[in-house]
Every structure is written in C-alpha cells, then in structure tokens.
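Enquirer: starting from these lines, generate the structure:
(2 chains)
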Amino acid sequence: MAVLFLLAVVLLAWQAPRTRPLQPPSYVSIPKSGEQVFPIAVPNWEAPEIPAAPGERRAFLEEQAVLWPGNLPSTGCDLFVRVSLHHWARRPVDLARLELNPEPAGWTALRWAGKDFLDDDDGDGDPLDAGELRVAGPGAEAEVFCPP
Amino acid sequence: MRFRTRALLTLGFLVLAGLAAGAAWRVLKLEIRVHDLELLPTRAEVLEADDAVRETFGSDERLIVAFTSRSRPVTDPAFLEDLWFFTRELGQSHNIRMLLFDRLTHPRFRSEPPTGAPWLLHPPDGSWIEAALRSSAIAGKLATGTSRRTVFLETPALSTSGVRSIGERVRQAFAKLEERAPSAYEVRLIGRHVVLDGLGQALFEDLQRLLPWCFALIFVLFWGIFRSALLAGIAILQSGLCVLFTLAVLELLGHPISLTTAMIPILLTVLGIADDLHLYSEYLRLKARYPEEPPLSLVWKGVRKVLFPCTATALTTAIGFASFLPTDVPALRVFGLLAGIGVCFSWLLTMTVVPVLLALAPVKRPPEWTLRPDIPALNPLFRGVVPVALSLALLPGIARLRIDDGWTRNFRPDHLIVQDVRWFEKESVGVYQFDVMLARRDGRPWTHSAELRALERLQTRAEAAPEITAGLSLPDLVRDRAWELGDPQAARPPLPPTRREVERLLSTYRLFNEEIFLRMFLDRDHRATRLIFVTARDDYGTSSRARQALDQAVRETFPPGAVEVRVGGSAERGRVLIQSVVSSQGISVAASLVLSWLALGFASGRWGTALRCILAIVWALALVLGIAGWAGLSLGVASSCFLALGVGVGLDYGIHLAFGRSRSGEGEEGAIFLRVLANVLVVGAGLSILMLSANPTIAKLGLLIVLSMIASGYTAIVVFARPSVADQLHGRAWKLPRASSASVLKEE
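Expert: Model (predicted):
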C-alpha cells in the first residue's frame, strides 16, 4: 500500500508542472491602420481643434482620417473629405479629371455635396465625379493637399 | 523525554512553522478568477471555432451599459440631452472615450448638412430615431430595450480589471447625472465579464464566510466526540495546515481560485480530519488499555495500526481526485491535482505531526465510547428489507436525471447581478450569442446577391426558433445602410440586385468609421461571413435547443458540403462546457472506481473484498442519483462533482470496515464500526457547511455530498457488517467484550 501511495504522490508531482494555468486569448483587432480611427465610430464629443497652418493641418487630418476603400492610384494630391465632426476620409485625387486648379500654397478648401456622395454619375464605381468638388456652396468640407 | 528527542521535536516544529509562514505568504498572493474557458476541453470544437471567428472577425466581447429613463422614451429630446451628458461624462475616461459606442444616437448621414456643420454625419433627432427603430434591424434589435426607455451603450470588454474600471467610471458618471436629474434614470452594467467577475467575488466572499464555520463545526464535533478541546484543536491545526500548504501549491503553480478550486479548502478541512478521527480513537483505546506505556510509544503503535486503512483511504481518495487528470478540462484537471495533493498533505500531517502532538497532549480521561464501543440497537430490517426497498424506490429516479446549469445559477436569486441579468433578458434580445461562421467551399464571395439572399433565408429560419431571440447578419448591414442613405420615412429596402451596389453600400462602413462593425460580419476577402444569433438565457436547455435549430436551418439552406460551418460564441461555449464537464465527471468516476479496485486488490491481495468496497460505493452513488432524479435536482458543472467526491470519500467507510480489522482483534469490530459512524457524522456534517453557501449550485453540491456520505456509510455497513455484528444489530443492545491485554499485545 505504501508503494502504491508513493506512486500516487509521484504521479501528482509529475503532473503538477504539466497542468498549466489558462491563458485567456488576447484581444484581436481586425481593422488595419487607416481603416479605423479613434474614437470608434462617431461619438458626440466636442469638436476637435484643427490647426490652421497647412502643414500642421494636413498632419492632423492624416491622423484623423480613414483611407478611402478600394485601390485608387496615387496622384500626388490627397483629398480629405470631412465625414463627421471628428473624422475625415482620405483619398488620392486626380485634379485634371475633376477639373480643379489647386491653390499655389498646395492647400485648397472645397465642398462636396451630400447628394453627390450618394451618386456615381459616370458609373466608374467612384462616387467622386468631375465637377462635384466646388469652391463654395453646401456640403461637406473637402480639402486638397498637393505638393507646393 | 530525552534531550535528543526534545531537540528533534523542537527542530521539527520550527521547520513546520517556517513552512507554514512561507505557505501563508504564498496564499496571500492568490488571485481569484472565473473563466468559462477553464471548464472547456482544450481541444473542444467550439474553441477552435472561437479562435477562427476571433482571427477572422476580431474580438467582440462586449460590456453593455444600459441607460434607462424611469418615464421618458428614448426619442424624447430631454432623454437625449441627458444621455449625451452621461456619455460625455463617461468620455472623461480616455479608454471609454476611444471605445464607447452608441448605436442609437451617434451621428448619421444627412445629405443636406445643417448650417455651420459642413460634414456628412449629424446627430439624429427623435423622429429619425423613431424611424431607425422601425426600419433598421441593428438599431431595432440592439440599440434600445423593448420598453423603448433604455439605450444600450457598448464598450469592448478587454480584461477583468478593465471591466471593473469601466464599472467604476459608470458609477461616477451616473452620480453626476443624478445631480442633474435626480431619480430620473437607472444605469446597469451587463455582460458575461460582469457575471464572471461577480462570480469570482462571490466565491471569495463565500469562502471567507464558510471556512471559519467549517473549522468551528469540526472543532465542536471533535470536542463532542473526544471530550477534549486540545484534541479538537490539533485536528483543526492539521486541517488548517493542510489547506494552507495546498493553497500555497495552487499559487506556486500559477493557478487562481476558480469555480472548482474554491471548493478545495472546505473539502480538505473536512477530509483531512477523517484519518485523525481513526488515529485518535485508536490511540485513546490503546491508552486506556495500557496506561503505563509512554504516550509516544502508544501513539506510534496507533499509527501502525491505522496505517494500512488510512493509507488505503488516502490513496483511493487521491485516486478519486487524480482521475480528473486524464480529462481535457483544465479546471477539472487543476481541481483533481490540487485536491489530490491536499489529500497527500493531509495523510503526511496525520502520520507525522498529529501523532507527535497527540503524544504531547495531556488526555486526562478518554471518552467512554473509545473504551466501551457500544453499538446501539438497530432494527433488523436495516440489512434486509430496507436496502432492497430503498433500491427499488430510488434507482428508477436515475432515469429522470437531467443536465442543466448556467452562470447566473451560481448566484443567490436576489443578487444584484442576477436581477440585472433577469431584467436584461426581458428588456433586450439577450447577451449570450452563437457565432456561426460560414465559408463557401466554391470560393464565391458572400457579397453576391444570391449568396446574401441565402444568408437571409438562413437567418429567417433560425430566428423562427423560440429560443433564438434575434439574429444579425451581413444582409442586415447592407439593407440598414441602404435605408439610412435613402428616405428615412421609407420602408427598409430589399437586398440590392447587384454585387457592385452591395459593395458600394458596404464601403460606407469604412468611410463612416465603422469598419470594425463590417469586419464583424465579413472578412476582408469576402470569403467568410458570420451570423450572430442571440439567446436571452444561458441555461443548458435553451442553448441546446437553439443549437439544434441552427443546425437544422443550415441544412435547409445550403446543399450538403457547399459551406464550411463553424459554431462558436458564449452560448455555444456554455452548452459544450456543461455537457463536457458532466461527461468528464462520469469518465473520471469510472476510472477512479477501477483504479481504486486495482489498488486495494493489489495491496491487500483480497480482490473479492476490494470489489465489494467498490460495489458498495457504486450502490450508494446510484441511490443518491436516484434521489436527485426524483427530487428534480439537475446535474451541472459544480453539482456533478459529488460523484468524484462520493467515490473518493465514501469508499473510505467500506475500506475501514473491510480492512481495518486485524485477524485477532477482539473487540475491534465495534470500535471500527463506531469510528465509521463518527466518520460519517463528522464528514457529512462538515461538508454540509457547503449547503450554507450563497452559491446555489455549491449548496446543491453540498446536499448531494451529504446524501452520498450517508448513503455510502449505510451501504458500507450493510455490505461489511459481519454476521456476528449483524446478529447483534437485530433488536437488542450489546456491548463488545473488552479484549484481553494479552491478545492485543500479541497482535500489536
């Protein structure tokens, strides 16, 4: 009996380090950089302070912008459309196709009407069509940054 | 006592004190944690499904802050003002500010922006919210309560400490709201993490309450049995040291106090003193017979006398617990390992420390029953008609046994968490979910309209089951967004006819900073999709029926082999874990019975007697299962543990009766018989403390254990009482004759 008991003790001692503590799975976030900015979704917080100087302004908008879906070819100029009080959508923009003349400073402030966001006039799958970005008028803020 | 002996004893006690201090230091660092994954087999299909879902769609463990007005509907402007005030207060915390999500009142698309707000998304007014609740599936199902006076805010539940911190922040924000609008609102925190964290706290409070009562009861019982506070104190010291060392090992191995390990201190406190009882009574018997012998010599004689039965009982108890080790359920493995180690500590202390203390303790007058082991008169039916009648009456109850459990059943019904969960069950679609992950084998993307329509059919079929309170899927996201971008007063549009239109609508989730919600339902390549089905209740029956309905819906929707289906989620985990824990218990009980028989047979060479011990305990457990069946006591995660405990502890009585007698031990039979009765009384009464637990499932376990102690004591006596004893049980009281000193000395 003593031998059997000793065997049981040995078995338990052998199993002790093999019974490892549970490691709960770590949090997995799927969206990649540029697909989601924080705060998540669109809260009702106060408006952020946006720098006025173009360089700082662009850096701020880049931090607060999601990348436009799809593989749009790079053109050198970036458009930032203000989607909410807190976040923007960023995409490359072909100024010639959109019939736009950038400001010499490299920063152009425009507007994009909500109804134009919903349609795709030329049927190319991109809702941003020629003539939809206007210098003034109703709609969301749209800012184009080009290299000076 | 010689100087050398004194020096050795002093050194021994110093070493013991040092070990106890080290163990106490370890125990102070013990954590309390309850996690459902600990109760699932590590290779369970549901865990693989959960991993796949998590890697494909991301983690979505959520904490829900239910914000309820006592009088106003969610569309009331005053309600919305107060809600925004509350969320802004919550947003004082950086983490909450970054992650809090309000599905109802967060800004939505307006093609004509208000003056001075040149962007696309704007806070909705009451009429828009009214329309959203009517026409949008996700807002209608998740954003508000059925009373339309509650808004559900959501935040990811990253960790237990994170959940506690959110709870604290919610209380602070609510206090501010109370200053602004006294008694106008209620706030509740709901979620699986809240329940599990609350369960951990409740377990700890329970342990703090029950353990002192257990020690007190053991003390009183030992005092009553041996008429000595000192002997009772030694038993308590032995139990305390055993619990301390075992918990120190628990901490040393990195395990927390969990749902299963929380029972170990009480179990060891009670089981630890069972061997003491036999050693004490043997020592006192010898002391009464040989008063002239030195106590140290007598006590070692006593140790030698009880060594075989006590080692056998410790071994079979350890086997009973260790039989959990081959199972694949981490919590049961840890429970089995630590309880087994605790039993070994207990044996070691009983065979080393307790005898020394016993020899040093001045015992003026041993109790009468150890000197004259009188067996009370019992009815002759005790061994004849009664067992047969009991078996015939109780055993059919086994057919009525059912498996059932749920996390909230671990709280007393008036616990705040239970009240909140019950409220949530009525007010919302539920918090327990099935994640159905579908991947097409032909590689077609789920954004094709035909595939989306198939998903919609599957959702409709599954939602028809009464157990499923709501379903959410990719078609909901597509149709909700189509509605949101159109006329709010229009009905929810059907699925778009083209893939291009579907993908245009889905692309707005990224633009509106809601990519995370789209990715919960569709992977980046559009090859895998997830449907979420919610049940209001977390019990086994609801989850099992919901799972059957899901399987049926998938079979009716897709041809065999067309899609790869994986099912995960908290509801599925709950279902699987209850099933696996109960079945693992069954397997481990069978294994421990076989191993105990082999160990007893091998060590004693009396295979037939060993088999009778096993049959006696099987009979006892069958009787208890029958009682449980007739009484409607269902078996769950904790309550099914009584089977293993019943084998481990209940087998002891048969072993003492069968193997405790020496060949010429005249008068021993009555002593052993009384010791077994005392053992049943002490262990049964000690474990009955579990019945006072605030955790109803632990209380149920306590009841089943007590029943199994009584039943195993009874069956052991019926099986092993010798005819000579049995004859004397038939009617008249009798006294065992005192053994002659010569015969006892010869034997010893």
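Enquirer: and the closest residue to chain A within the stretch 251-400 of chain B, helix, strand or coil?
Expert: Nearest residue of the stretch 251-400 of chain B to chain A: residue B:254, at 4.2 Å (C-beta to the nearest C-beta). Yep, even glycine has a C-beta here, placed from its N, CA and C like the rest. Secondary structure, DSSP: H, G, I helix; E, B strand; the rest coil: residue B:254 is coil.
Enquirer: what is the neighbour count of the closest residue to it other than its chain neighbours?
Expert: Of all residues not flanking residue B:254 in the chain, residue A:21 sits nearest, at 4.2 Å (C-beta to C-beta, 6 or more residues apart in numbering or on different chains). Around residue A:21 there are 13 other residues, counting by other C-beta atoms under 10 Å in any protein chain shown.
Enquirer: need the contact list for residue A:21.
Expert: B:253-256 (C-beta atoms under 8 Å, 6 or more residues apart in numbering or on different chains).
Enquirer: of the residues you listed - the most surrounded one?
Expert: In the contacts of residue A:21, the most neighbours by other C-beta under 10 Å go to residue B:255, 26 neighbours.
Enquirer: quick check: that one touching residue B:333?
Expert: No. Between residue B:255 and residue B:333 there is no contact under C-beta atoms under 8 Å: 10.0 Å.
Enquirer: residues that sit against both of those two, list them.
Expert: residue A:19.
Enquirer: the helices in chain A, which residues?
Expert: Per DSSP state H, chain A carries helices over the ranges A:2-15, A:54-63, A:114-118.
Enquirer: out of those helices, which is the most enclosed?
Expert: helix A:114-118 (a mean of 17; mean count of other C-beta atoms under 10 Å in any protein chain shown).
Enquirer: chain center to that one, what's the gap?
Expert: Chain-centre distance of helix A:114-118: 20 Å, with C-alpha atoms, centre = their mean, to the nearest Å.
Enquirer: same deal with stretch B:455-474?
Expert: For stretch B:455-474, the distance to the chain centre is 31 Å (C-alpha atoms, centre = their mean).
Enquirer: go on, stretch B:554-562?
Expert: 37 Å.
Enquirer: need the contacts of residue A:21 in JSON lines with pLDDT, can you?
Expert: Output for these, formatted as JSON lines (pLDDT from 0 to 100):
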{"residue": "B:253", "pLDDT": "92"}
{"residue": "B:254", "pLDDT": "91"}
{"residue": "B:255", "pLDDT": "90"}
{"residue": "B:256", "pLDDT": "88"}
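Enquirer: any idea how far chain B is from the closest residue in space to residue A:129 that isn't next to it in sequence?
Expert: Excluding its sequence neighbours, the residue lying closest to residue A:129 (C-beta to C-beta, 6+ apart) is residue A:121, at 4.3 Å. Distance, residue A:121 to chain B, by C-beta to the nearest C-beta, to the nearest Å: 14 Å.
Enquirer: and residue A:121, backbone torsions?
Expert: phi -60, psi -40 (degrees, to the nearest 10).
Enquirer: I'd say it and residue A:128 touch.
Expert: No. Taking contacts as C-beta under 8 Å, residue A:121 lies outside contact range of residue A:128: 9.8 Å.
Enquirer: can you pull the poorly scored residue ranges out of the chain?
Expert: All of this is about chain A. A:41-45, A:98, A:102-105 (pLDDT under 70).
Enquirer: my bad, the chain I had in mind was chain B
Expert: B:1, B:364-383, B:660-670, B:721-748.
Enquirer: go ahead and flag the most central residue of it.
Expert: residue B:259 (4.0 Å; C-alpha atoms, centre = their mean).
Enquirer: surely that residue meets residue B:37?
Expert: No. If you go by C-beta under 8 Å, residue B:259 and residue B:37 don't touch, sitting 11.9 Å apart.
Enquirer: how about the strands in chain A?
Expert: A:65-67, A:78-82, A:88-92, A:107-112, A:133-134, A:140-145 (DSSP state E).
Enquirer: and residue B:624, which of the ones you listed is closest to it?
Expert: strand A:65-67 (61.9 Å; C-beta to C-beta).
Enquirer: from the contact counts, what lies against the closest one?
Expert: strand A:88-92, helix B:499-511 (3 or more C-beta pairs under 8 Å, 6 or more residues apart in numbering or on different chains; DSSP states H and E).
Enquirer: what distance separates stretch B:219-232 from the centre of its chain?
Expert: 33 Å.
Enquirer: in that stretch, what's buried?
Expert: Judged by neighbour count using 16 or more other C-beta atoms under 10 Å in any protein chain shown, the buried positions of stretch B:219-232 are B:219, B:221-223, B:225-228, B:230-232.
Enquirer: before we move on, what about stretch B:287-301?
Expert: Applying 16+ other C-beta under 10 Å to stretch B:287-301 flags B:287-290, B:295-296, B:298-299, B:301 as buried.
Enquirer: same list (those) but as CSV, adding distance to residue B:98 and secondary structure.
Expert: Output for these, formatted as CSV (distance: C-beta to C-beta, whole Å; DSSP: H, G, I helix; E, B strand; the rest coil):
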residue, distance to residue B:98, secondary structure
B:287, 73, helix
B:288, 76, helix
B:289, 78, helix
B:290, 79, coil
B:295, 71, helix
B:296, 70, helix
B:298, 73, helix
B:299, 68, helix
B:301, 73, helix
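Enquirer: which residues in the stretch 101-250 of chain B form strands?
Expert: B:101-102, B:108-109, B:121-122, B:150-156, B:185-190 (DSSP state E, counting those that start in this stretch).
Enquirer: between these, which one is closest to residue A:97.
Expert: Each of these was scored for nearness to residue A:97 using C-beta to C-beta, and the closest is strand B:108-109 (25.5 Å).
Enquirer: most remote residue from chain B's center?
Expert: Extreme point of chain B relative to centroid (C-alpha atoms, centre = their mean) is residue B:115; 58.2 Å.
Enquirer: residues near the residue of the stretch 351-500 of chain B found nearest chain A, how many?
Expert: In the stretch 351-500 of chain B, the residue that lies nearest chain A is residue B:485 (5.9 Å; C-beta to the nearest C-beta). When neighbours are counted by other C-beta under 10 Å, residue B:485 registers 18.
Enquirer: quick one: contacts for it?
Expert: With C-beta under 8 Å, 6+ apart, residue B:485 has these contacts: A:118, B:109, B:505, B:508.
Enquirer: buried ones among those residues?
Expert: B:109, B:505, B:508.
Enquirer: between those, which is closest to chain A?
Expert: residue B:109 (7.3 Å).
Enquirer: could you measure that closest one against residue A:72, distance?
Expert: The spacing between residue B:109 and residue A:72, counted by C-beta to C-beta, to the nearest Å, is 22 Å.
Enquirer: quick one on the thing from earlier: now do the contacts for the residue nearest to the centre of chain B.
Expert: Counting by C-beta under 8 Å, 6+ apart, residue B:259 has contacts B:34, B:38-39, B:199, B:203, B:331, B:410, B:637-638.
Enquirer: next: residue B:390.
Expert: residue B:623.
Enquirer: that's a helix at it, yeah?
Expert: Yes. Assessed by three-state DSSP, residue B:390 belongs to a helix.
Enquirer: quick check: it vs residue B:718, distance?
Expert: Counting by C-beta to C-beta, the gap from residue B:390 to residue B:718 is 10 Å.
Enquirer: most tightly packed of the strands of chain A?
Expert: Comparing the strands of chain A by mean count of other C-beta under 10 Å gives strand A:78-82 as most buried, with a mean of 24.
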